[in-house]
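In: heads up, no residue letters with this:
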């Protein structure tokens, strides 16, 4: 009797697993940066086609590991994989969406974007050299503002992250001291004495919201979702700008995507009066000769649909959709390398 019952339970669980597989038969994993966008696209795509997307928002490093392990049909990373590594792995890479990383703060008495900071001063904050909000350098950038005598706590990613790669790429571009002592990477050793880690953009947003005096960095969709306070940043042209789809688009306007193998360009500290200085693309990784060609074809169908139909949804979340001219080149130059 007991053995029969266990067989029945096992059979029911097997049926459930098969049903789930059919319900979400596109698999992907990686960056948390584009997760709100992929979730919105996936919901609309399933309503229209009946095909679901099972995307694990585990960070860019995790996405690269998963696609290399061939446990998913595509990986997603905000830190582009170098061309030599793509060739070695037999993969292609293409951008899917453009957005921006934003310095967020928990400081009472100020509206979003009311306080300003330059890149070099921001680097000193993350280096731990500026440890109080009323530091003279911050006060000089914000005349007429009464800054509190409050300690600054740095909130950073605890997992391997493309968002961290782009954030530290920016800090390296604006601060020689940061470049020499910390550098850029998906994971770095954070030098500030007062710091705390969070997993994913979600974890950083939660910790900044929780810790008074905190400053961290998250993708802009998480700023909007959580009604977070943020700092205005001075860009490469010396102008102070706020994050939104127009300033992200301005940074992307002069991007030469095919100048780098795998399209892995950096948009940090881009020229232009309206450019947001920490704009970035999120990239998709796929095998040229996939083991499951049917699944790979479904991934391409999904992104083809998203490129054609997802622009409005992207704008709602303040991401920047790729222009039609670029998606046409991706289809002809990149997707054509993937065996059907």
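Out: It's in. Model, not experiment: these values are computed from the prediction.
In: going on from the helix or strand containing residue 197, what's the next piece of helix or strand?
Out: For residue 197, the host element (DSSP states H and E) is strand 195-198. Following strand 195-198 in sequence order, the next helix or strand is helix 200-210 (DSSP H and E).
In: now for that following helix, which elements pack on it?
Out: Judged by 3 or more Cβ pairs under 8 Å, 6 or more residues apart in numbering; DSSP states H and E, helix 200-210 is in contact with strand 91-105, strand 153-157, strand 195-198, strand 214-219, helix 220-225. Any C-beta I mention is one placed from the backbone N, CA and C, and that applies to glycine too.
In: outside of stretch 325-335, which residues touch it?
Out: 92, 93, 94, 95, 257, 258, 263, 300, 304, 307, 322 (Cβ atoms under 8 Å, 6 or more residues apart in numbering).
In: Kindly report the same for stretch 193-206.
Out: With Cβ under 8 Å, 6+ apart as the contact definition, stretch 193-206 has outside contacts at 32-33, 35, 57-59, 104, 128, 131, 151-159, 161, 163, 190, 207, 211, 214, 216-219, 222-223, 225-226, 228.
In: Endpoints of stretch 222-231, how far apart?
Out: For stretch 222-231, the first-to-last residue distance is 15 Å (Cα to Cα, to the nearest Å).
In: Average pLDDT for it, rounded please.
Out: For stretch 222-231, mean pLDDT rounds to 95.
In: starting at the chain centroid, how far to that stretch?
Out: 15 Å (Cα atoms, centre = their mean, to the nearest Å).
In: re the thing from before, each with direction, which strands does the strand holding residue 197 pair with?
Out: Here strand 195-198 has these sheet partners by DSSP bridges: strand 153-157 (parallel).
In: Show me the contact partners of the strand it pairs with.
Out: Strand 153-157 has contacts (Cβ under 8 Å, 6+ apart) with 59, 125-126, 128, 163-164, 187, 190, 192, 194-200, 203-204, 207-208, 211, 213-217.
In: Tell me the spacing between residue 122 and residue 191.
Out: According to Cβ to Cβ, to the nearest Å, residue 122 stands 14 Å off from residue 191.
In: So which of those two has more stuff around it?
Out: residue 122 (26 against 15; other Cβ atoms under 10 Å).
In: Quick check: residue 234 touching residue 240?
Out: Yes: in this structure, residue 234 is within contact of residue 240 by Cβ atoms under 8 Å, at 5.3 Å.
In: In contact with residue 118, which residues?
Out: Applying Cβ under 8 Å, 6+ apart to residue 118 gives the contacts 141, 174, 233, 234.
In: Would you mind giving both backbone torsions of it?
Out: The phi/psi pair for residue 118 (degrees, to the nearest 10) reads phi -90, psi 160.
In: Report the separation between it and residue 231.
Out: Separation of residue 118 from residue 231 (Cβ to Cβ) stands at 10 Å.
In: And for residue 160, the neighbour number?
Out: 20.
In: I misspoke; the intended subject was residue 28.
Out: By other Cβ under 10 Å, the residues close to residue 28 number 25.
In: what's the answer for residue 116, then?
Out: Using other Cβ under 10 Å, residue 116 has 17 neighbouring residues.
In: residue contacts, it?
Out: By Cβ under 8 Å, 6+ apart, the contact list for residue 116 reads 141, 142, 231, 232, 233, 234, 240.
In: And the helices in the chain, which stretches?
Out: Using DSSP state H, the helices of the chain run over 2-23, 35-49, 60-68, 83-89, 119-127, 136-141, 162-174, 176-181, 200-210, 220-225, 245-252, 293-309, 311-316, 324-329.
In: Select, out of the ones you listed, the one closest to residue 267.
Out: Nearest to residue 267, of all the helices of the chain, is helix 245-252, at 5.1 Å by Cβ to Cβ.
In: list the buried ones in that closest one?
Out: 245, 247, 248, 249, 250, 251, 252 (16 or more other Cβ atoms under 10 Å).
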